[in-house]
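Novice: With the input below, show me the fold.
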Amino acid sequence: MKTYDIIVLGGGPGGYVAAIKAAQNNLKVALIEKEVVGGICLNHGCIPTKTLLKNAKVYKTLNHASDYGVTIDGKIGFDWTQMMKRKNLVVKKLTTGVAGLLKKNGVEVFNGLGNIVAKDKVEVNGETLTCKNLILATGASPIVPPIDGLKEAYEKGFARTSREMLQIEEAPKNLVIIGGGVIGVEFATIFSSLGSKVTIIEKLDGILPMMDDDIRTQYTKILKKDKIDILVNAEVKSVKTDKVIYHLDGKDHEVKADSVLISVGMKANTKGLEELKLKMERNAIVTDDQLKTNIDHVYAIGDVNGKYMLAHVASHEGIVAVENILGHDKKMNYGRMPNAVYGSPEIASVGLTEKELKEKGVKYKVSTFPLLASGKALADNEKDGFVKLLVSEQYKEILGAHILAYNASDLIAELGVTMELEGTAYEVANTVHPHPTLSEIIMEAAHGAIDKPIHI
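Specialist: Just a heads-up that it's a prediction; the model follows:
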């Protein structure tokens, strides 16, 4: 019987990072993964969708080549098969790289379904492994809600979750997306850019409910400008073989579809963990800020703890869990976790929204700066969007930052670092930003938080 310091159950961005971190600290580690290392993010989520988003953006840009003084003879087209091939090659390269890193660091990988016998015993492929510490990183799966006809449509392949949508053989002509969250919006961007007629049906009063309201409002306008139909306060009643029936404004309506994307959320993968008798809330494992569960020496990271279903949060949780196993006193600060939506343009945020600040009764100041006033944005012909800083009224400490802009996901890290250092708008404004760059919009917004922006 093999014994390990840590057994990690699940090889996604939380699990494999935890395994590598532990091995780098001279712990004996086993990683159990039933599919391919990299988890949903690398294989069926973050990476493949971002690859397809880039494909779609190139196609969209070429169709507007004349805006840049570029002439193209003949019709611009796309080859979905080749797009999927590129996506698969990118995924393969990264998963192979992760497997190589695990081997390089001495992590023993077991490909199979782990069955928990006790908190210190796991069976895999007929072999029993024992451990001093157990890290659960089993992820989450898409929810298929109890809508009339949806289960049957899913079983027939007419309705799909994001996982199946990434394997389709051709782009749909009429795509209906149930749910206006991050996944739904990103797929809407991909297929609308390729010419599909896309309809988003959202039960709440707007898309992207966790984002700042000003961002949501402006982004909705951008999506509608791209001819994406967005139906809010609408409830899907049934799914037929060629259409979706929804209820809006007291009446039933229908919309034509040759494919339906189910994008209403994820549920934690906790099946098979019953033996541990873990404390659960909302079908997810309860953890403290050190990722500890109610069972000694058992930790839960990533989607399975239901806190933030984001790959980078899972990775950081993996590192924090290992640090605590090593005897350090490390804690998660979920108030500084960045979020991103990889549409066109992107959305990125960190910290509190204006609505949350109002609910908490915090005195704050708002400063915004539009891309229209950025020389780099104009040169790049990417004029849609703005940056919004929320700072404390007295000391101008950064409380929240929200960016709607191309490359927003790259820009947000500067503000995350500022918040980690408990920095203020003064430090950001006094940091010289290179010109011309998009990053100058952050500096300008910081000047606005203190006094006034320079260029508006």
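Novice: which residues touch the strand or helix carrying residue 221?
Specialist: Assigned by DSSP states H and E, residue 221 belongs to helix 213-225. Residues outside helix 213-225 that contact it (Cβ atoms under 8 Å, 6 or more residues apart in numbering): 185, 188-189, 192, 200, 206-209, 211, 230, 341, 343, 345, 347, 349, 353-355, 368, 384-386, 388, 402, 404. For glycine as for every other residue, the C-beta is placed from the backbone atoms N, C-alpha and C.
Novice: in the chain, which helix has the most residues?
Specialist: Longest helix in the chain, counting residues (DSSP state H): helix 80-104.
Novice: quick revisit: name only those of the contacts of helix 213-225 that count as buried.
Specialist: Buried positions within the contacts of helix 213-225, assessed by neighbour count (16 or more other Cβ atoms under 10 Å), are 185, 188-189, 192, 200, 206-208, 211, 230, 341, 343, 345, 347, 349, 353-354, 368, 384-386, 388, 402, 404.
Novice: Those residues in strands, which ones?
Specialist: Secondary structure assignment by DSSP state E places 200, 230, 341, 347, 349, 368, 386, 388, 402, 404 of the buried ones among the contacts of helix 213-225 in strands.
Novice: Relative to residue 286, which of these is nearest.
Specialist: residue 349 (25.9 Å; Cβ to Cβ).
Novice: wait, what's in contact with residue 23?
Specialist: 29, 105, 106, 107.
Novice: and the third one, what is it in contact with?
Specialist: So that's residue 106. Counting by Cβ under 8 Å, 6+ apart, residue 106 touches 23, 29.
Novice: same thing with the first one?
Specialist: Contacts for residue 29 were tallied using Cβ under 8 Å, 6+ apart; they are 4, 5, 6, 7, 8, 19, 22, 23, 106, 107, 108.
Novice: For beta bridges, what are the partners of the first one?
Specialist: Translated: residue 4. Applying DSSP bridges to residue 4 gives these bridge partners: residue 131.
Novice: so it makes contact with residue 32?
Specialist: No: using Cβ atoms under 8 Å, residue 4 makes no contact with residue 32, being 10.5 Å away.
Novice: neighbour count winner among these two?
Specialist: Under the neighbour definition other Cβ atoms under 10 Å, residue 4 and residue 32 were set side by side, and residue 32 has more, 26 against 22.
Novice: who's in contact with the spatially most central residue of the chain?
Specialist: Note on the chain: the residue nearest the mean C-alpha position is residue 310, at 4.9 Å, using Cα atoms, centre = their mean. Taking Cβ under 8 Å, 6+ apart, we find residue 310 in contact with 337, 339.
Novice: what about residue 68, neighbour count?
Specialist: 10.
Novice: and if you look at the one 10 residues further on?
Specialist: Residues near residue 78, counting by other Cβ under 10 Å, number 18.
Novice: secondary structure class for the nearest residue to it once chain neighbours are set aside?
Specialist: Counting by Cβ to Cβ, 6 or more residues apart in numbering, residue 78 lies nearest to residue 59, which is 5.0 Å off, once chain neighbours are set aside. The three-state label given to residue 59 by DSSP: H, G, I helix; E, B strand; the rest coil is helix.
Novice: any idea how far residue 59 lies from residue 127?
Specialist: 49 Å (Cβ to Cβ, to the nearest Å).
Novice: which of those two has more neighbours?
Specialist: Applying other Cβ under 10 Å to residue 59 and residue 127 shows that residue 59 carries more neighbours, namely 16 against 11.
Novice: Starting from residue 175, give me the distance back to residue 44.
Specialist: Counting by Cβ to Cβ, the gap from residue 44 to residue 175 is 18 Å.
Novice: about what we covered before: verify the stated contact: the residue nearest to residue 78 with residue 193.
Specialist: Yes: Residue 59 is within contact range of residue 193, at 6.3 Å (criterion: Cβ under 8 Å).
Novice: Next, count neighbours for residue 228.
Specialist: By other Cβ under 10 Å, the residues close to residue 228 number 23.
Novice: So which residues of the stretch 301-450 of the chain form helices?
Specialist: 311-325, 354-360, 375-379, 408-420, 425-430, 440-450 (DSSP state H, counting those that start in this stretch).
Novice: so which of those helices gets nearest residue 456?
Specialist: Nearest to residue 456, of all the helices of the stretch 301-450 of the chain, is helix 440-450, at 7.5 Å by Cβ to Cβ.
Novice: Thank you kindly, that will do.
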